[in-house]
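Undergrad: Provide a 3D model corresponding to the input given below.
(one chain, ligands or ions: 1)
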Amino acid sequence: MPKKIAAGNWKMNGTSAALTQLEALAPVAAASTGVLTLICPPASLISRAAGLGVEIGAQDCHAAVSGAHTGDISAEMLADAGASHVITGHSERRQDHHETDADVAAKTQAGWRAGLTVILCIGESEEQYRAGQTLDVLRGQLAGSVPQGAGPDNIVIAYEPIWAIGTGLTPTVEEIAKVHAFIRAELGAAHTEGAEISLLYGGSVKASNAAEIFAVADVDGGLVGGASLAAADFAPIVTALAAS
Ligand code: PEP
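TA: Next up, the predicted model:
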């Protein structure tokens, strides 16, 4: 059975004061049997966030171990700081930093090299969605960015339609079901144990729609942006996943 994961991505939000949100979330995480509760804070908070009772991930990494890469951070540094996971291929990295599938694959392998579990994001643009190209786009992203060797113990795939991120819009549950079944089949065909990889849905998940989304077949959890910043908003999402 794929693992259930409630993952929060704080993006470029949060200073020391935000650590109290993790302390508030910790008892909910502990009580949510069968769910891995994970928060990906900014890199500046990782070392202080680790050990507060919630699993901690990073939002990006460089492909190299070390070197002349001003402003970047390696997967080894993230692991050293206390991260157990790293996000790769988020659409904001693909768009704002022009990351290609090959870049995402290299960063994913860097995460593995450092012993991190990678949460690899894929998703179509609004234009591609409207043109009916969603599955073709995802097929290409999976083929180009998920390295050989991917399996349930080293990777999680997050399906995040770009048009649903931060917009309040979501696909229908039928659309999510169709896409997740497609991703499951593609991973199963391409990788040993690929069908056991956890699949997260991301894009405007909140307390009010979490239970409905988590009830969809082949949805093993969520990657949550805005609604992960406050424990009061994220806790009911974690609880909904535990109940699903
Ligand atoms: C995200 O950026 O990964 C995300 C899903 O954001 P939001 O939940 O705010 O739509």
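Undergrad: how far away is the residue of the chain found nearest the ligand from Glu92?
TA: Residue of the chain nearest the ligand, by CB to the nearest ligand atom: Gly225 (2.3 Å). C-beta here means a position set from N, CA and C on the backbone, and glycine is covered the same way. Going from Gly225 to Glu92 by CB to CB, to the nearest Å gives 9 Å.
Undergrad: same thing with Gln141?
TA: Gln141 is 15 Å from Glu92, by CB to CB.
Undergrad: just to revisit the earlier point, residues that sit against both of Gly225 and Glu92, list them.
TA: Common neighbours of Gly225 and Glu92 (criterion: CB atoms under 8 Å, 6 or more residues apart in numbering): Lys11, Ile165.
Undergrad: tell me the phi and psi of Gly202?
TA: Main-chain dihedrals, Gly202, degrees, to the nearest 10: phi -140, psi 140.
Undergrad: quick one: is the helix ranked longest in the chain near the ligand?
TA: Looking across the chain with DSSP state H, the single longest helix is helix 173-190. No: Helix 173-190 lies apart from the ligand when judged by CB under 6 Å from any ligand atom; the minimum separation is 13.1 Å.
Undergrad: Can you read off the pLDDT for Met1?
TA: Per-residue pLDDT puts Met1 at 88.
Undergrad: Adjust the sequence numbering to begin at 761 for everything that follows.
TA: Renumbered: residue one is now 761, and that last one reads Met761.
Undergrad: and it, what does it touch?
TA: Glu956.
Undergrad: re earlier: by contact count, what packs against the longest helix of the chain?
TA: Judged by 3 or more CB pairs under 8 Å, 6 or more residues apart in numbering; DSSP states H and E, the packing partners of helix 933-950 are helix 894-905, strand 915-919, strand 958-962, helix 967-974.
Undergrad: Mean neighbour count, these: which tops it?
TA: With neighbours taken as mean count of other CB atoms under 10 Å, those reach their highest mean count in strand 915-919, at a mean of 26.
Undergrad: now that strand, how far from the centre of its chain.
TA: 6 Å (CA atoms, centre = their mean, to the nearest Å).
Undergrad: For it, which strands pair with it and how are they oriented?
TA: Strand 915-919 pairs in its sheet with strand 877-882 (parallel), strand 958-962 (parallel), by DSSP bridges.
Undergrad: Excluding its own residues, what touches it? List them.
TA: Against strand 915-919 from outside (CB under 8 Å, 6+ apart): 763, 765, 767, 845, 847, 868, 877-883, 898, 902, 906, 936, 939-940, 943, 947, 957-962, 983.
Undergrad: Also compute the angle for that strand relative to helix 894-905, please.
TA: Here strand 915-919 runs at an angle of 150 degrees relative to helix 894-905 (axes from the mean of the first three to the mean of the last three CA atoms, to 10 degrees).
Undergrad: Next, the angle helix 933-950 makes with strand 915-919.
TA: Going by the same axes, to 10 degrees, strand 915-919 is angled at 150 degrees with respect to helix 933-950.
Undergrad: do strand 915-919 and the ligand meet?
TA: No: Strand 915-919 lies out of reach of the ligand by CB under 6 Å from any ligand atom, never closer than 7.2 Å.
Undergrad: Could you give the average pLDDT over that strand?
TA: For strand 915-919, mean pLDDT is 98.
Undergrad: In CSV, list the C-alpha atoms belonging to that strand.
TA: Output in CSV follows, covering the C-alpha atoms of strand 915-919 (Å, rounded to 0.1, in the frame of the first residue of the first chain):
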residue,chain,number,x,y,z
ILE,A,915,10.2,9.1,-4.3
VAL,A,916,6.7,10.6,-4.0
ILE,A,917,4.9,12.1,-7.1
ALA,A,918,2.8,15.2,-6.6
TYR,A,919,0.3,16.0,-9.3
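Undergrad: give me phi/psi at Gly817?
TA: Dihedral pair for Gly817: phi -130, psi 170, per degrees, to the nearest 10.
Undergrad: Is it in contact with Val878, as I believe?
TA: No: in this structure Gly817 lies outside contact range of Val878 using CB atoms under 8 Å: 9.3 Å.
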